[in-house]
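# fold the following.
(chains A, B, C and D)
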Number of protein chains: 2
Amino acid sequence: MSAIADVARLAGVAKATASRALSGRGYVSEETRRKVIEAAREIGYVASPNAASLVTGRTKSIGVIIPFISRWFFSEVLESMEQALLDEGYDMTLYNLPAPSPERERVFDYFLARKRFDGVISVGVALSDNEVNLLHRLGRPLVGIGGPIRGVHTIAIDDVACARLATEHLLSLGHTDIVHIGGSKEDEMDFQVHSNRLTGFYAAMDEAGLPSEGSGSFYACEFTMPGGYQVGQAVFGDPRTRPTAVFAASDEIAIGLIVAARELGIQVPADLSVIGIDGHPYADMFRLTTIEQHPRRQGRLAVLSLLAELETATPGEEDHLTVLPTNLVIRSSTSGPRPPHGG
Amino acid sequence: MSAIADVARLAGVAKATASRALSGRGYVSEETRRKVIEAAREIGYVASPNAASLVTGRTKSIGVIIPFISRWFFSEVLESMEQALLDEGYDMTLYNLPAPSPERERVFDYFLARKRFDGVISVGVALSDNEVNLLHRLGRPLVGIGGPIRGVHTIAIDDVACARLATEHLLSLGHTDIVHIGGSKEDEMDFQVHSNRLTGFYAAMDEAGLPSEGSGSFYACEFTMPGGYQVGQAVFGDPRTRPTAVFAASDEIAIGLIVAARELGIQVPADLSVIGIDGHPYADMFRLTTIEQHPRRQGRLAVLSLLAELETATPGEEDHLTVLPTNLVIRSSTSGPRPPHGG
DNA sequence: GCCGCCGCTGGAACCGGTTCCATGAAATGT
DNA sequence: ACATTTCATGGAACCGGTTCCAGCGGCGGC
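Purely as a prediction, here's the structure:
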């Protein structure tokens, strides 16, 4: 359509002056600025970001690497990042990369090397040193969400502490027969989330003098509601494996467990206490006690932190870890255990 | 880093030749092509899409406008579109625009006018004529998902038919006391989805000679599981308003209803049949009878259709509506009504 | 009255590709 | 043998901005 040359011609100035007037860089008299802006408005001029970024190297766009879109935590983070980027005048280019794979190699080599973005936010993805280095070489800052990446500023919650707190909540209610149901260490998407929550659980159990690692108090589970439901049916269906309390690694798992328990005629919390982690919008409806982790806050902070790094051109604090607060919300899925019958 | 001029120099040819060799356009001898490609590989050359799009006008990027990210249908569509675009070598730039608002005006005027994309897919968004025209003027094709937009190729399911089918399923089981619980017509996100499903419901009831519009057989509800739960508590809690069957406008609503019913001691399906629409992954776990609408298929088709339009440079069939098939999946949340007691 | 600085402006180079056009060599047709 | 095509290649213009640099008028200082 209309280029800056047209604006300049209409305003009766040179391209250079028009550019300065519109971008606000360099000396322009107040009168000239008004003329140029008026001319631009008149012909509906919109600058081509392509042309600009060709010379400035800035694209006003941020790349986001994320392994899932449809899982709660990720979609919340995504939504909040989109909002924050929009507010700051940035575009968001989305790369949904399920797992380390040839697919992902391809994206890194091809898409990311084209540097169509000023920076990258990686959500819950365990980037390899190689991948981090590639971005570094391109001079593109990187901020992570969800777990430490070597040499990268990361925003996360303290998963070990959360798990410990959740377990301690159950312990403080008097439970001794507690199991943890969550993601397994071997799970490919593990970004230390699974293992950290497991670690926190074992630590709390250990401190309470209860059987921990190796005692069979952990069941691996897909990180979804049906995953929790399935494991719940198996574990609660057999009186020999049924505990009095469960710490679930996510609210969705916890809800799946609650549904399974209800179907088996097990009273929650009278017969079984359940606690989760997340602060999922469904938690309230299932009266689930949980630890809220505020993903939207994490996403927003990641964006602001990345943009700050970009705009100050400081390399940012590498290896810096920002730990965001979480909070325990007690509803009625947890209570003290039923006194042993006949006891 | 390295520009095409470096590649040309290393290969001992002119920039123009190097460009032809790498892009595959125009005449280049096989030998020269090999030399250039080898040189490019050697210095790790990656073309700058900015520079290329500056002259070709193509960005190899698609803009997506979507009102929600975290709701099931939308996240599924998004994920499938991302996948399809990646496969075809396109980037996806995401614009999450909740509702018609000044916010949205701003995005249209500012972001979209910068034409950083070759085309646009709008998911479940009722674009105004103005907005459609703006895109048209920019020469960017547009494909919609979820409801007809004037002058735009749209991919959708037949919501009226789905609702009719769902209702007929309940009727065929012998139910006569049926209510519909779903989004209200006044809901701002209505993209004819709500009203179409309501229309289909009333049509089926009408045909069966049962009370339809204006008979109080419809309850408005937020389009989420807690929304369904809340309405379920209210409607099922009062024996006077409790029907024998419910057609829920979405699976999430249906599941919320089932949870509410179970808590009230109402047997599903013996006391209450429930059918939804979606094919949500949780449906199986709640044994929910539903009509599957395959959002991933919709997303994939939208991408392929848009790219085809782009690559053939045909303006596409405007006002064309592609209706994708849906299918009824019968599980055990529906059955015949309990015979009237004392009857 | 002259020098130097400041504020403002225009010309031109540049970012990194693509494409038009001219040129020349080889292959084909008559 | 000569006129055409066809294929290959290089030079240069161009896409639409930004930025460097030179020039110029006005003003204050000495």
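# confidence-wise, which helix or strand of chain A is lowest on average?
helix A:102-106 (a mean of 73; mean pLDDT, DSSP states H and E).
# just the buried residues of that one, please?
Across helix A:102-106, burial judged by 16 or more other CB atoms under 10 Å in any protein chain shown covers residue A:104. Placement of C-beta: from N, CA and C, glycine included.
# tell me which parts of chain A are close to DNA strand C?
Taking CB under 7 Å from any atom of the strand, the part of chain A that reaches DNA strand C is made up of A:12-17, A:20, A:26-32, A:51, A:54-55.
# 10 Å - rerun?
Counting by CB under 10 Å from any atom of the strand, chain A comes close to DNA strand C at A:8, A:11-21, A:26-33, A:35-36, A:50-57, A:114-115.
# mind listing what's buried in the longest helix anywhere in chain A?
Taking DSSP state H as the criterion, chain A has its longest helix at helix A:295-312. By neighbour count on 16+ other CB under 10 Å, the buried set for helix A:295-312 is A:295, A:297-303, A:305-307, A:309-310.
# next: stretch A:104-117.
Neighbour count says stretch A:104-117 has A:104, A:107, A:108, A:111, A:112, A:113, A:114, A:115, A:116, A:117 buried, by 16+ other CB under 10 Å.
# and the buried residues of helix A:295-312 as CSV, adding distance to residue A:268 and pLDDT?
Formatted as CSV, the buried residues of helix A:295-312 follow (distance: CB to CB, whole Å; pLDDT from 0 to 100):
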residue, distance to residue A:268, pLDDT
A:295, 25, 97
A:297, 29, 97
A:298, 29, 97
A:299, 32, 98
A:300, 34, 97
A:301, 34, 97
A:302, 35, 97
A:303, 38, 97
A:305, 40, 95
A:306, 42, 95
A:307, 44, 94
A:309, 46, 90
A:310, 48, 89
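# once you drop chain neighbours, what's closest to residue A:296?
Leaving aside its sequence neighbours, residue A:296 sits nearest to residue A:80 (CB to CB, 6 or more residues apart in numbering or on different chains; 3.8 Å).
# using CSV, write down the CA coordinates of the least confident helix or strand of chain A.
These are the backbone C-alpha positions of helix A:102-106, laid out as CSV (Å, rounded to 0.1, in the frame of the first residue of the first chain):
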residue,chain,number,x,y,z
PRO,A,102,13.5,-35.3,15.4
GLU,A,103,10.5,-33.0,15.0
ARG,A,104,11.9,-30.7,17.6
GLU,A,105,15.4,-30.8,16.1
ARG,A,106,13.9,-29.7,12.9
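# strand partners of the next helix or strand after that helix, parallel vs antiparallel please.
Next in sequence after helix A:102-106, counting helices and strands by DSSP states H and E, comes strand A:119-123. Take DSSP bridges as the rule and strand A:119-123 pairs in its sheet with strand A:61-66 (parallel), strand A:142-145 (parallel).
# quick one: residues contacting the closest residue to residue A:246 other than its chain neighbours.
Setting aside the residues directly before and after it, residue A:246 is nearest to residue A:274 in space (CB to CB, 6+ apart), at 5.0 Å. Contact analysis of residue A:274 by CB atoms under 8 Å, 6 or more residues apart in numbering or on different chains lists A:245, A:246, A:248, A:254, A:257, A:258, A:261, A:268, A:288, A:289, A:333, A:334.
# which two from the buried residues of helix A:295-312 end up farthest apart in space?
Farthest-apart pair in the buried residues of helix A:295-312 is A:295 and A:310; separation 22.6 Å (CB to CB).
# give me the spatial nearest neighbour of residue A:306, chain neighbours excluded.
residue A:143 (4.4 Å).
# report the beta-bridge partner residues of that neighbour.
residue A:121, residue A:153.
# touching, it and residue A:121? I think so.
Yes. Counting by CB atoms under 8 Å, residue A:143 touches residue A:121, with 5.2 Å between them.
# okay, and the common contacts of those two?
Joint contacts of residue A:143 and residue A:121 (CB under 8 Å, 6+ apart) are A:302, A:306.
# is stretch A:88-108 up against DNA strand D anywhere?
No. Figure legend: stretch A:88-108 not in contact with DNA strand D (CB under 10 Å from any atom of the strand); closest approach 13.5 Å.
# related to what we said a few turns ago, among the residues of chain A next to DNA strand C, which ones are in helices?
A:8, A:11, A:15-21, A:30-33, A:35-36, A:50-56.
# turn the strands paired with strand A:119-123 into JSON lines, including mean neighbour count.
Compiled in JSON lines, the strands paired with strand A:119-123 are given as follows (neighbours: other CB atoms under 10 Å in any protein chain shown):
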{"stretch": "strand A:61-66", "mean neighbour count": "24"}
{"stretch": "strand A:142-145", "mean neighbour count": "26"}
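# rebuild those strands as a markdown table, extending it with mean pLDDT.
Below are the strands paired with strand A:119-123 laid out as a markdown table (pLDDT from 0 to 100):
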| stretch | mean pLDDT |
| --- | --- |
| strand A:61-66 | 94 |
| strand A:142-145 | 94 |
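# dump those strands to TSV, plus distance to residue B:41.
Output for those, formatted as TSV (distance: least, CB to CB, whole Å):
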stretch	distance to residue B:41
strand A:61-66	24
strand A:142-145	26
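# closest to residue B:149 out of these?
The closest of the strands paired with strand A:119-123 to residue B:149 is strand A:61-66. By CB to CB, the value is 26.6 Å.
# next, the angle from that closest one to helix A:295-312.
Angle, strand A:61-66 to helix A:295-312, by axes from the mean of the first three to the mean of the last three CA atoms, to 10 degrees: 140 degrees.
# CA atoms only for strand A:61-66 - export them in CSV, please.
Extracted in CSV, the C-alpha atoms of strand A:61-66 (Å, rounded to 0.1, in the frame of the first residue of the first chain):
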residue,chain,number,x,y,z
SER,A,61,7.8,-10.6,18.3
ILE,A,62,8.5,-13.3,20.9
GLY,A,63,8.7,-17.0,20.3
VAL,A,64,7.1,-19.3,22.7
ILE,A,65,8.0,-23.0,23.0
ILE,A,66,5.5,-25.1,24.8
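# who's in contact with that strand?
Against strand A:61-66 from outside (CB under 8 Å, 6+ apart): A:74, A:77-78, A:81, A:85, A:90-97, A:112, A:116-125, A:127, A:303, A:306, B:93, B:116.
# if you set the cut-off to 6 Å instead, what comes out?
For strand A:61-66, the external contacting residues (CB atoms under 6 Å, 6 or more residues apart in numbering or on different chains) are A:74, A:85, A:90-97, A:117, A:119-123, A:125.
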